[in-house]
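[1] Structure for the following, please:
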Amino acid sequence: MLSLIYNFLQSLQICFTRKISFKKFVIIIIGLMLVSDQYGVSSIIRSLGLSPLYYEGLIQFFSSTAFSLSELVATWTATVAARAPIYRVGDRAVLIGDHKKLPKEARKMPGVKRHNQESENAGKPRSIFGHCFGCIGVVVGDAYRYMCLPLVMRLHDGLNFIDRWRGKESKTMIRRIIDDACRTALRLGTDSYLVLDGYFLSEKLLRPQERFNETENIRLDVITRAKSNCVAYYPLTEEEKLAQKGKVGAPRKKGASVKVGNLFDEKKDAFKKATVMMYGKKKTVRYYSIKLVWRQGYYRPLLFVLVKVDGRRLVLVSTDLDQDPKEVIHLYSLRFSVEESFKDMRLEAGTFNYRFWSKFMRKLNYFAHSGDKDPLEEITDKKVQARIIKAVERVHRYVNFSCMALGLFQILCFEFGSTIDPKEICYMRTYRGGDTLTVGLMKRYFSQNFFGLLYNEPVCELRQIITQHQSGLFGMFSSQNAA
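    Numbers count the residues shown, from 1 in each chain. Down below sits the predicted model:
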């Protein structure tokens, strides 16, 4: 188990210009896999029993110039593509994207702003102060047991002024998610599907996706959900196209309009019955597919799939006009796995426990109105701007390191899940035999057995890296327990 983890981490060593920086990276990843409380870097020190003298060094590591985060994420993605059990539909990988909003009320933390909740869940507040992250992950496993392995995660909102300081274009949250997905597809080196929820269906998503397919050798198609009250248009028939010839003015691009939700009743006799894999189970669904022209800013033909399942009605959309409708239904059912990954990030990997801030930030005003001046407008000193940008970079590094730790847990679940008896880890009231271990159970097993595995390894570079940074008392007790 430890050799598998270290082999994955060792493949990332080429991204570091100094060996001591790589050792710190290994310590942070293993520490994030062992954390049991929510105190950021302090939790890493406690979980591994490191000497308190290394605290400042680990904090400074998140600002180190010995590696580039974008290069590290690209190498991590290539390693996952080569070694992880990626789930494929045909010859395509399945990417899942979504946003995660979390409360952060630190008044001098970059990127914190008021966010409105678009979720229909009544248990969530209407608005929060915090960060909004965009995440792109790849599905690993098989059709019966799968997980969303996060590959890249970064702030997608609250950085407009910081983008201007860097001389970059300020982008919307939707544009950022499709840009991250396009980069991830290139790093995976394979054709992919991108599954998103209904919030993302807009011109800002479809134009960059279409441009990517025209300019790159890799194809990326989007599967998402549309509102049941959306309006689309029938494509022009051959007779209508011929009738336009010779007429004055721009040619028509669409036919008659149709409310997509009305097709559930108008085409009820045309629905087909099929059995589709959804959420790891076979379910009987009724579906009807039709190619319509979607218009919101520009005209785009899309495949609409109307689905009736468990008393619910769904309108799914795919940019691949020739795709099997049953495949669209199955792929959209995989989207919920990213929500489970967000839960594991919060509970198991400590992804959102960072506490990076800058004393140069202006204090956050909780009572500011939408038309008020942004406090960052007052910052014109280039050195101060650079300090704030560094604080954002620290957040990105911490979050992506945690995503790598979670990804290693998910890979361990598929590699060793069948050899570990969950009942020996802890009490399980609802365990069903044959299930693959969850991330929570794998972390509990890893935490219980890590030091025993570490000190029983005859030759293990991972052991050398950790023990030389531990406090003497902790190392002595660990050796006794292993013996």
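
[2] so where does Tyr6 fall, helix or strand?
    Element membership for Tyr6, per DSSP states H and E: helix 2-10.

[3] Distance from that helix to the middle of the chain?
    Chain-centre distance of helix 2-10: 22 Å, with CA atoms, centre = their mean, to the nearest Å.

[4] C-terminal to that helix, what's the next element?
    Where DSSP H and E defines the elements, the next helix or strand beyond helix 2-10 is helix 19-34.

[5] That following helix - contacts with which helices or strands?
    Contacts defined by 3 or more CB pairs under 8 Å, 6 or more residues apart in numbering; DSSP states H and E place helix 19-34 against helix 2-10, helix 41-48, helix 55-61, helix 382-416, helix 439-456, helix 461-467. Every C-beta, even on glycine, is put in place using the N, C-alpha and C of the backbone.

[6] Please identify which of those helices is closest to Thr430.
    Closest approach to Thr430 among the helices and strands packed on helix 19-34 is made by helix 439-456 (12.2 Å; CB to CB).

[7] rewinding a little: how far off helix 439-456 does the helix holding Tyr6 point, in degrees?
    100 degrees (axes from the mean of the first three to the mean of the last three CA atoms, to 10 degrees).

[8] about what we covered before: lowest average confidence across the helices and strands packed on helix 19-34, which one?
    Among the helices and strands packed on helix 19-34, helix 461-467 carries the lowest mean pLDDT, at a mean of 80.

[9] Can you show me the CA trace of it as PDB?
    Taking Å, rounded to 0.1, in the frame of the first residue of the first chain, the C-alpha atoms of helix 461-467 are listed here in PDB:
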ATOM      1  CA  GLU A 461      12.300   5.900   1.300                       C
ATOM      2  CA  LEU A 462       9.000   7.200   2.600                       C
ATOM      3  CA  ARG A 463       9.900   6.000   6.000                       C
ATOM      4  CA  GLN A 464      13.200   7.900   5.800                       C
ATOM      5  CA  ILE A 465      11.500  11.100   4.700                       C
ATOM      6  CA  ILE A 466       9.000  11.100   7.600                       C
ATOM      7  CA  THR A 467      11.200   9.800  10.500                       C
END
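
[10] Tell me the helices and strands packed up against it.
    Helix 461-467 packs on helix 2-10, helix 19-34, helix 439-456, going by 3+ CB pairs under 8 Å, 6+ apart.

[11] Could you single out the most deeply buried of those?
    Highest mean neighbour count among those (mean count of other CB atoms under 10 Å): helix 19-34, with a mean of 20.

[12] what is the mean pLDDT for it?
    Helix 19-34 carries an average pLDDT of 92.

[13] re the thing from before, export the helices and strands packed on helix 19-34 to CSV and append columns for distance to Asn213.
    Formatted as CSV, the helices and strands packed on helix 19-34 follow (distance: least, CB to CB, whole Å):
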stretch, distance to Asn213
helix 2-10, 31
helix 41-48, 42
helix 55-61, 39
helix 382-416, 27
helix 439-456, 34
helix 461-467, 42
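
[14] Asn365 is nearest to which of these?
    Nearest of these (CB to CB): helix 382-416, 16.8 Å.

[15] Check which helices and strands that closest one sits against.
    Packed against helix 382-416 by the contact rule (3+ CB pairs under 8 Å, 6+ apart) you find helix 2-10, helix 19-34, helix 69-83, strand 127-141, strand 146-155, helix 160-165, helix 337-347, helix 439-456.

[16] could you dump these to CSV with distance to Ile290?
    As requested, the helices and strands packed on helix 382-416 are arranged in CSV below (distance: least, CB to CB, whole Å):
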stretch, distance to Ile290
helix 2-10, 45
helix 19-34, 47
helix 69-83, 35
strand 127-141, 27
strand 146-155, 29
helix 160-165, 40
helix 337-347, 28
helix 439-456, 40
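
[17] domain parsing for the chain?
    Domains of the chain are assigned by automatic domain parsing as 2-222+337-466, 225-243+252-322.
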